[in-house]
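Undergrad: I would like to see how this sequence folds:
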Amino acid sequence: MQSDHSSTQYSQDLETIRSKVLLMGGMVESQFYDAMACFRSGDTELASKVIDTDRNVNQLEIALDEACSNLIVKRQPAAIDLRTIMATIKVITNLERIGDEARKIARVSKQVHERNVGSIGHFEIVRLIAHNAAEMLHDSLDAFARLDEKQAARVITQDDAIDYGFEAIMRSLITFMMEDPRTISTALDTLWVAKAIERIGDHATNIAEYVIYVVGGKDIRHSQYAKTDPNTTI
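TA: Predicted coordinates:
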């Protein structure tokens, strides 16, 4: 059995990792907000900032993965402790992928605003799902910080709205392209951004699922847990 000193040190190490994961979460939240801002405004300097921030997110992912691996080797955790570390590693991976999607949006933003033909109100088309995805990301990180299973379940239920929104955007953009071929390039870029936003919603959902895994030991991936569990308040 671990000594009290060893147990206390483990808790401190784990809390340090959790704090850095939340720092990483704050970084990708800002990345996403900034990416959407430059998609709206065409601010190339802001787009460059988003891209540069992604390098920092990647470096933090590597450092946190190593810290989690070292903690497993040194402390040999079991039961909920091991579950927490394994879930944290998955959360880190999803945050890094959100950063990648934000970087894609920033790069597409530059392309869209280099063209002044075939305007289709590109930002307004994706504004609603971007807002929903940002809320999901924020709430999933809050659920992770507080290990709030019910809030995590609420995040999961919001993903369908983003999926439906993406499908509506795709139909709308196809109509634009058919009616005016000059909009094809901008429409395709906007569709690429919409897909990145939809993926961010998916990653936020994954984070929420791992919160539920840590708290209750239930692996609910590919299930209807949040919609059917009688103990879940939506």
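Undergrad: what comes up buried for stretch 54-66?
TA: Buried residues in stretch 54-66, counted by 16 or more other C-beta atoms under 10 Å: Asp54, Val57, Leu60, Glu61, Leu64. Where you see a C-beta, it was placed from the backbone N, CA and C, and this is true even at glycine.
Undergrad: do stretch 85-98 as well
TA: Those would be 85-89, 91-98, for stretch 85-98 by 16+ other C-beta under 10 Å.
Undergrad: dump it to PDB, keeping only the CA atoms.
TA: Extracted in PDB, the C-alpha atoms of stretch 85-98 (Å, rounded to 0.1, in the frame of the first residue of the first chain):
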ATOM      1  CA  ILE A  85      -5.100   9.300 -15.800                       C
ATOM      2  CA  MET A  86      -6.100   7.400 -18.900                       C
ATOM      3  CA  ALA A  87      -9.100   9.700 -19.400                       C
ATOM      4  CA  THR A  88      -6.900  12.700 -19.000                       C
ATOM      5  CA  ILE A  89      -4.600  11.500 -21.800                       C
ATOM      6  CA  LYS A  90      -7.700  11.200 -24.000                       C
ATOM      7  CA  VAL A  91      -8.800  14.700 -23.100                       C
ATOM      8  CA  ILE A  92      -5.300  16.000 -24.000                       C
ATOM      9  CA  THR A  93      -5.500  14.400 -27.400                       C
ATOM     10  CA  ASN A  94      -9.000  15.900 -28.100                       C
ATOM     11  CA  LEU A  95      -7.800  19.300 -27.100                       C
ATOM     12  CA  GLU A  96      -4.800  19.100 -29.500                       C
ATOM     13  CA  ARG A  97      -7.200  18.100 -32.300                       C
ATOM     14  CA  ILE A  98      -9.400  21.100 -31.500                       C
END
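Undergrad: name the residues that touch it?
TA: Stretch 85-98 is contacted from outside by 14, 17-18, 21, 24-25, 28, 31-32, 57-58, 61, 64-65, 68, 71-72, 77, 137, 144, 199-200, 203-204, 206-207, 210-211, 213-214, using C-beta atoms under 8 Å, 6 or more residues apart in numbering.
Undergrad: now those: which count as buried?
TA: In the contacts of stretch 85-98, burial by neighbour count holds for 14, 17-18, 21, 24-25, 28, 31-32, 57, 61, 64, 68, 71, 77, 137, 144, 199-200, 203-204, 206-207, 210-211, 213-214, counting by 16+ other C-beta under 10 Å.
Undergrad: relative to Ala168, which of the buried residues of stretch 54-66 is nearest.
TA: Nearest to Ala168 among the buried residues of stretch 54-66: Asp54, at 28.8 Å, using C-beta to C-beta.
Undergrad: if you count contacts, what does the helix ranked longest in the chain end up packed against?
TA: Counting by DSSP state H, the longest helix found in the chain is helix 4-41. Helix 4-41 sits against helix 44-75, helix 79-114, helix 122-146, with contacts defined as 3 or more C-beta pairs under 8 Å, 6 or more residues apart in numbering; DSSP states H and E.
Undergrad: let's see 10 Å
TA: In terms of contacts (3 or more C-beta pairs under 10 Å, 6 or more residues apart in numbering; DSSP states H and E), helix 4-41 is packed against helix 44-75, helix 79-114, helix 122-146, helix 184-216.
Undergrad: okay, and the helix or strand of this structure with the least pLDDT?
TA: Lowest by mean pLDDT, DSSP states H and E among the helices and strands of the chain is helix 225-228, with a mean of 52.
Undergrad: report pLDDT for Thr183.
TA: The score at Thr183 is 85. That number is its pLDDT.
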